[in-house]
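Asker: Sharing a model that was predicted from the sequence below.
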Amino acid sequence: MEKEAESEALSRGKDALYNMKIMCFLDAQLEKLEGFKAPASPQKASFEREIGKGKRLLYKHAHHFDVKDFYSTSVAREAVQEICMCLKDTLKVWGMQGKASLEDRVPMGDVKEDQDQLGKLLNFVLRDVPCSIEPKFVKRWEDIKACHAESMQRVKVIDECELEMGQQLGEGGQGAVYAAVWNSKSVAVKTPVWRGPMAGGGELPIEDIADFFKEIIFHAGINDHPQIVKLLAATSSGGMVLEKANCDLGKLCFADKGLPWRSKVRLLRQGSTALAYLHSNGRVHQDVKLQNFLMFGTDLETCTLKISDFGLTVMETASRSKTVRIGSGTLNYIAPEFYHGKPTSRKSDVYGFGVLCHEVISGQKSYGGEVATQFTIMRKKIDGEAPCQVQDKDCPPAARELVNLCCATDPEARPTMEEVNNRLLQLPDDWVFEECSAGKENEVQLREAAKNGLRDVVQSLLKRGVHVDAQDENGATPLYFAARFGDVEVAEVLIDANATLDSTTVGGATPLFVAAQNGEVEVVRCLLQGGATVDRPNKDGATALYIAAQNKHVEVVEALIEAKADVNHACTMEDGSTALMVAAFTGSKQIVKLLKEKGASIDHSNKSGNTALMWAQQQRHDEVSTYLRRQGARSS
């Protein structure tokens, strides 16, 4: 940290690679404060913080430029003026404004000169258009251009004439989306939109085109994940050719009939998987909302949800809390810390996802929908009000607890997206709201006792004649709940009372399946010893072995293999993937090895043509990839 601070102190305005006039203005103001001793006061810390921001801004302009992450001239001007204004106001509070005579307005002539020069530099980097560069910076800009060219090698660049453009599908803050045909295939094309004062005429400003190239380069780096909308190609002008969706999540969840719980939780799991993957790469999406999650397919049982629109995505670094750039997003989904001037973070994305979950689960628009004012929404967020009311009938209690936690006012109180994803996976697929009636009271008590591990209560109720297989409206029995919550003693009591071992819920899940899903190895062994069918699939075609491998439960996988589970069973829901394939996808080398040693095929390919090795490589699980290659796995 000391080295970094020392480097920042040495950076001057004349060293700036771009926005040089603005940086010289900032440097001149900070120079007036060199040697200044701030008096001990409540304002001292914030005064020194603003000076630190100014030095970091000078340092970044002198040492770093990347098409994916640079300061536009307008952002640089606003940042510099904000810093100078804060410093000037603090000096006034101290009655010391005469000591430095700070200015807080960058001359517009300087701004215009910087804007013109930045445009030329961007044209040089993006289009190889020659421009005048100070001799001391020529090598630096040549390297920047070469770095950009290397980044673009991952993207197929096509000519606009290859596209047959159709009608406009929508328009957002980062561009317009059109239906199109490319190579005889229906696609979506996202193009930049000029929103300046002279929109509608002339060429799009190069800074706006650079924003699109930033998105293209980032998108290309995460293109292989199944929950990321596929970037198929890019045009030379910055247009993006994307796979075409059927609709966005908003259109689906606000439909007249609403969604059944099974579909809601399935979609939310896919959405959380996408966002958790983004966060694992150190990125903050900054615009999590219903409209940026797209639906592929029309069957709720098989459709896929994917995240899109990375125009606002940024890296989350340790220094972002000190940056001059705060962030942005869509009003209803912006986290409350935004109103306190704090930068966005991964926890801000969690808040946005919590708002989205409220909407999907309740079928209501957040914060009153379009009629709510910006002030009303801000007040509700700061006061900790829920985005909308989630009722008992909408979801299991654990789901409501989770989505409320995501929308906590304090970012530190929110879970990570990985934790959100794990908790969504623990929720039942086949939950149905059950209103208790007097005639069912004893059956409900038996299920609750099994759920809470109350062995003596279970025995008492069974002795009173309560049916051992009393099902709730989802088809779940007391044994199912004992298995789900991992109580082997209760499971043994129920099995001794002749509970049906292979009873299924409406989703086709058996007690063995749910125990395997949750990693309850002792219950798994108990059920297998009692005679449970080891390979009975649920309605999605997944077996206990498949779900245990997917959730990386090694001991459960071992127990199921010992019980002669079919190691090559293909899950119909997951396009014909096997347990070994999904273990490779999640990076569990131990499970991959276990399955391989028991005869699982390492070269099985699903209907999409993917193999275990391909999935391991896509997810960058190097240990798994190396192991599979050493075992002779095919790469295609």
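Answerer: Yep, that arrived.

Asker: Now A549: which helix or strand?
Answerer: helix 544-550 (DSSP states H and E).

Asker: Mind listing residues that contact that helix?
Answerer: 510, 512-513, 515-517, 519, 524, 534-536, 542, 556-557, 560-561, 565-567, 569, 571, 574, 578-580, 582-583, 586, 588, 591, 595 (C-beta atoms under 8 Å, 6 or more residues apart in numbering). C-beta coordinates here come from the backbone N, C-alpha and C atoms, glycine included.

Asker: Keep only those of those residues that are in strands.
Answerer: In strands, judged by DSSP state E, none of the contacts of helix 544-550 are found.

Asker: Weed out the non-buried ones from the residues you listed.
Answerer: Among these, the ones that count as buried by 16 or more other C-beta atoms under 10 Å are 510, 512-513, 515-517, 519, 524, 534, 536, 542, 556-557, 560-561, 565-567, 569, 571, 574, 578-580, 582-583, 586, 588, 591, 595.

Asker: Which residues in stretch 298-305 does the neighbour count mark as buried?
Answerer: Quick answer for stretch 298-305 (16+ other C-beta under 10 Å): C303, L305.

Asker: actually stretch 277-292, not the one I wrote
Answerer: Quick answer for stretch 277-292 (16+ other C-beta under 10 Å): 277-279, 283-292.

Asker: and it, how far from the chain's centre?
Answerer: 4 Å (C-alpha atoms, centre = their mean, to the nearest Å).

Asker: Stretch 282-301 too?
Answerer: Using C-alpha atoms, centre = their mean, the offset of stretch 282-301 from its chain centre is 9 Å.

Asker: And for stretch 570-578?
Answerer: The answer for stretch 570-578 is 25 Å, by C-alpha atoms, centre = their mean.

Asker: Where do the strands of the stretch 251-400 of the chain begin and end?
Answerer: All strands of the stretch 251-400 of the chain, identified by DSSP state E, counting those that start in this stretch, fall at 283-284, 293-296, 304-307, 314-315.

Asker: Just tell me which of the ones you listed ends up closest to E412.
Answerer: Nearest of the strands of the stretch 251-400 of the chain to E412, taken as C-beta to C-beta: strand 283-284 at 16.0 Å.

Asker: all helices for the stretch 401-550 of the chain, in order.
Answerer: Along the stretch 401-550 of the chain, counting by DSSP state H, counting those that start in this stretch, helices occupy 417-426, 441-451, 455-463, 478-484, 488-496, 511-517, 521-530, 544-550.

Asker: Ok, which of the ones you listed comes nearest P396?
Answerer: Among the helices of the stretch 401-550 of the chain, if distance is taken as C-beta to C-beta, the winner is helix 417-426, at 10.0 Å.

Asker: ok, R12 to Y59 distance?
Answerer: To Y59, R12 is 10 Å away according to C-beta to C-beta, to the nearest Å.

Asker: more crowded one of these two?
Answerer: Shown here are R12 and Y59; by other C-beta atoms under 10 Å, Y59 has more neighbours (19 against 16).

Asker: so that one touches S11, yeah?
Answerer: Yes. Y59 lies in contact with S11 (C-beta atoms under 8 Å); the separation is 4.3 Å.

Asker: And the pLDDT for the residue nearest the centre of the chain?
Answerer: Central residue of the chain (C-alpha atoms, centre = their mean): L275, 1.4 Å from the mean position. At L275, the model reports a pLDDT of 97.

Asker: Am I right that it is in contact with M417?
Answerer: Yes. Counting by C-beta under 8 Å, M417 is a contact partner of L275 at 4.8 Å.

Asker: For D66, see how far away D143 is.
Answerer: 11 Å.

Asker: And stretch 412-429, end to end?
Answerer: Using C-alpha to C-alpha, to the nearest Å, the end-to-end distance of stretch 412-429 comes to 29 Å.

Asker: buried stuff in it?
Answerer: Buried, per 16+ other C-beta under 10 Å, within stretch 412-429: R414, P415, M417, E419, V420, N421, R423, L424, L425, L427, P428, D429.

Asker: for these, which one is nearest N442?
Answerer: Using C-beta to C-beta, the buried residues of stretch 412-429 come closest to N442 at P428, 22.1 Å.

Asker: ok, now how distant is the closest one from G271?
Answerer: Using C-beta to C-beta, one gets 18 Å for the distance from P428 to G271.

Asker: How about Q618?
Answerer: 20 Å.

Asker: With neighbour numbers in mind, choose between the two.
Answerer: Neighbour tally, Q618 and G271, criterion other C-beta under 10 Å: the higher count belongs to G271, 27 against 16.

Asker: The more buried one against L305, yeah?
Answerer: Yes. The pair G271 / L305 is scored as a contact, 5.5 Å apart, by C-beta under 8 Å.

Asker: Name the residues contacting each of those two.
Answerer: Q227, L249, F293.

Asker: which one among the residues you listed gets closest to G175?
Answerer: Nearest to G175, judged by C-beta to C-beta, of the shared contacts of G271 and L305 is F293 at 17.5 Å.

Asker: what's the weakest-modelled helix or strand in the protein?
Answerer: helix 2-10 (a mean of 45; mean pLDDT, DSSP states H and E).

Asker: got a list of what K14 touches?
Answerer: The neighbours of K14, taking C-beta under 8 Å, 6+ apart as the test, are M20, C24, D27.

Asker: Tally up the residues packed near E142, please.
Answerer: E142, neighbours per other C-beta under 10 Å, totals 13.
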